[in-house]
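Participant: Quick one, structure for this:
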Amino acid sequence: MVPVDEGSSSATGTGADVTPTAVTTTTGEGTSAVSSPNPPHPAAPVTGLVIDANGMGVKRSMSPAIFDEQGNLIYPTPELKFDSNQSLVSYLASADQAPKSRVGGNPLTIQAINVSGAARTAVVVGSGDAERIRQEDQKHGFLKKLSVAFLIGAKPPKPPEETTSPESQPPTPPATTPATPQNPPAQPATPAETAPPAQQGGSLVIPSILNRPDPGMPAGALQSSSVAGGTMTVKYDTSWQLTGEGESFLRLSAAKDSDLSAWIDWRDAPAGETLDARAQRQLERQKERSAQVEQLPNRNIAGVPAFQIAWVDRLDDRTVETLHIEWLDGGKQFRALLSGPSGSWQQQGDKVLQLLNGFSKER
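Facilitator: Here you go, the predicted structure:
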């Protein structure tokens, strides 16, 4: 699985390398210098990317992403290759804490203009900035090195409301809402092993979905993706779109509802750990993070038992539900995380069941 790189000791208490580094910041079309102990040389190669999403409510995740305003994926691209034990980004509390080991001594810093997806794990950058990222990466290749960090410092506290009369209040300026990408792929919700506590609440729809009669496999044309070096294959119809894959993960999004997504990953199974022991450990961890967690009866995935845990989180104004399924087979540990708003689960529940039915062994 892909762990989250917490980024700095002051933000997370991990004790990571937090040597202050110089950064160059661009907002929209312009560029300015961020104060730092050692300003970068203008001709120095760009060593990494820092996305400034400070105060935008971005959530730490195993599957962060960067989109442009048109909904085009900038990072990570489907062809990106990385090991499942590597994190896609580091998360920072301030620009001064950018770890030199991750983004180097001369990172490019870009201001995010929006957040995308129900789980709030993807950021959106302006068109000019998107082009700047692509140009610099083409010259210096920092994206394929995973030299990316998100600045997600705490949101400033809301000022107290003033008790003034309507006559004494100034006129409200016109709203300037940042452009929103056209249906970018939704990202999987933060997994239990890396998720920070979220605002909690709501009721679970997932158990009722899993209790539905088995819809069987779809009758139409099927696509297939090989996982874990050909150990297993997952088949799905056109109601699912492949939105990312790597050496140890696969990401799908519902074609008619991009807020509903599936993340599937695999790794070598831990030695000496049974499925029941892992289920209990995962359940205890998730109960520390979410107010409503439910362990569901085991199901069979490709003929082997798999444990199921579901939970609900309140992310801003949306109730997001996640189903965690895990199984052991052929010396591998497989995990599927399906996540989306409660309404998406209700409308697309049969498609989720069909996807789970689509796993088969390839021996």
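
Participant: ok, which stretches of the stretch 201-350 of the chain are helices?
Facilitator: 206-210, 275-287, 342-357 (DSSP state H, counting those that start in this stretch).

Participant: Quick check: which of those is buried the most?
Facilitator: Among these, the stretch with the highest mean neighbour count (mean count of other Cβ atoms under 10 Å) is helix 342-357, at a mean of 20. C-beta here means a position set from N, CA and C on the backbone, and glycine is covered the same way.

Participant: Just the mean pLDDT for it, thanks.
Facilitator: Average pLDDT, helix 342-357: 89.

Participant: Going by contacts, tell me the helices and strands next to it.
Facilitator: helix 206-210, strand 232-236, strand 249-254, strand 257-268, strand 318-329, strand 332-341 (3 or more Cβ pairs under 8 Å, 6 or more residues apart in numbering; DSSP states H and E).

Participant: So which of the ones you listed is nearest residue 351?
Facilitator: Set against residue 351 and scored by Cβ to Cβ, the helices and strands packed on helix 342-357 come closest in strand 249-254, at 6.5 Å.

Participant: Show residues contacting the closest one.
Facilitator: Residues outside strand 249-254 that contact it (Cβ atoms under 8 Å, 6 or more residues apart in numbering): 2, 63, 84, 185-186, 188, 225, 227, 234, 236, 239-245, 260-266, 340, 344, 348, 351, 355.

Participant: Buried only: go through the residues you listed for me.
Facilitator: Buried residues within the contacts of strand 249-254, counting neighbours by 16 or more other Cβ atoms under 10 Å: 2, 63, 84, 185-186, 188, 225, 227, 234, 236, 239-241, 243-245, 260-266, 340, 344, 348, 351, 355.

Participant: quick revisit: save the helices and strands packed on helix 342-357 as CSV, and put in distance to residue 304 too.
Facilitator: Output for those, formatted as CSV (distance: least, Cβ to Cβ, whole Å):
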stretch, distance to residue 304
helix 206-210, 18
strand 232-236, 10
strand 249-254, 18
strand 257-268, 13
strand 318-329, 5
strand 332-341, 9
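
Participant: what about those, which gets the closest to residue 125?
Facilitator: Among the helices and strands packed on helix 342-357, strand 257-268 comes nearest to residue 125, with 18.8 Å by Cβ to Cβ.

Participant: and residue 321, how far is that from residue 148?
Facilitator: Residue 321 sits at a distance of 28 Å from residue 148 (criterion: Cβ to Cβ, to the nearest Å).

Participant: Tell me which of those two has more neighbours.
Facilitator: residue 321 (27 against 24; other Cβ atoms under 10 Å).

Participant: What residues are bridge-paired with the more buried one?
Facilitator: residue 312, residue 340 (DSSP bridges).

Participant: quick one, what contacts the residue nearest to residue 324 when sequence neighbours are not counted?
Facilitator: Distances taken as Cβ to Cβ, 6 or more residues apart in numbering place residue 309 nearest to residue 324, at 4.6 Å, with adjacent residues excluded. Neighbouring residues of residue 309 by Cβ under 8 Å, 6+ apart: 192, 279, 282-283, 286, 293-296, 323-324.

Participant: pLDDT at residue 309, what is it?
Facilitator: 95.

Participant: Relative to residue 119, how far out is it?
Facilitator: 17 Å.

Participant: Over to residue 149?
Facilitator: 19 Å.

Participant: where does the closest residue in space to residue 49 that isn't next to it in sequence fall, phi/psi-wise?
Facilitator: Distances taken as Cβ to Cβ, 6+ apart place residue 148 nearest to residue 49, at 4.9 Å, with adjacent residues excluded. Backbone geometry at residue 148, expressed as degrees, to the nearest 10, gives phi -130, psi 140.

Participant: contacting residues for residue 148?
Facilitator: Residues in contact with residue 148 (Cβ under 8 Å, 6+ apart) are 48-51, 66, 75, 88-90, 102-103, 142.

Participant: Going by neighbour count, which of the residues you listed are buried?
Facilitator: Those of those that meet the buried threshold are 48-51, 66, 75, 88-90, 102-103, 142, by 16+ other Cβ under 10 Å.

Participant: Now render those residues as JSON lines, adding secondary structure.
Facilitator: What follows is those, written out as JSON lines (DSSP: H, G, I helix; E, B strand; the rest coil):
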{"residue": "48", "secondary structure": "coil"}
{"residue": "49", "secondary structure": "strand"}
{"residue": "50", "secondary structure": "strand"}
{"residue": "51", "secondary structure": "strand"}
{"residue": "66", "secondary structure": "strand"}
{"residue": "75", "secondary structure": "strand"}
{"residue": "88", "secondary structure": "coil"}
{"residue": "89", "secondary structure": "coil"}
{"residue": "90", "secondary structure": "strand"}
{"residue": "102", "secondary structure": "helix"}
{"residue": "103", "secondary structure": "helix"}
{"residue": "142", "secondary structure": "coil"}
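
Participant: Return the member of those residues nearest to residue 333.
Facilitator: residue 88 (19.8 Å).

Participant: my read: the closest one touches residue 63, true?
Facilitator: Yes: taking contacts as Cβ atoms under 8 Å, residue 88 lies within contact range of residue 63: 7.2 Å.

Participant: about what we covered before: farthest pair within the contacts of residue 148?
Facilitator: Spanning the widest gap among the contacts of residue 148 are 66 and 102, at 15.5 Å by Cβ to Cβ.

Participant: looking at the helices of the stretch 201-350 of the chain, which is closest to residue 115?
Facilitator: In terms of Cβ to Cβ, the element of the helices of the stretch 201-350 of the chain nearest to residue 115 is helix 342-357, at 18.0 Å.

Participant: helices and strands around the next helix or strand after the closest one, which ones?
Facilitator: Later in the chain than helix 342-357, the nearest helix or strand by DSSP states H and E is strand 359-361. With contacts taken as 3+ Cβ pairs under 8 Å, 6+ apart, strand 359-361 sits against strand 232-236.
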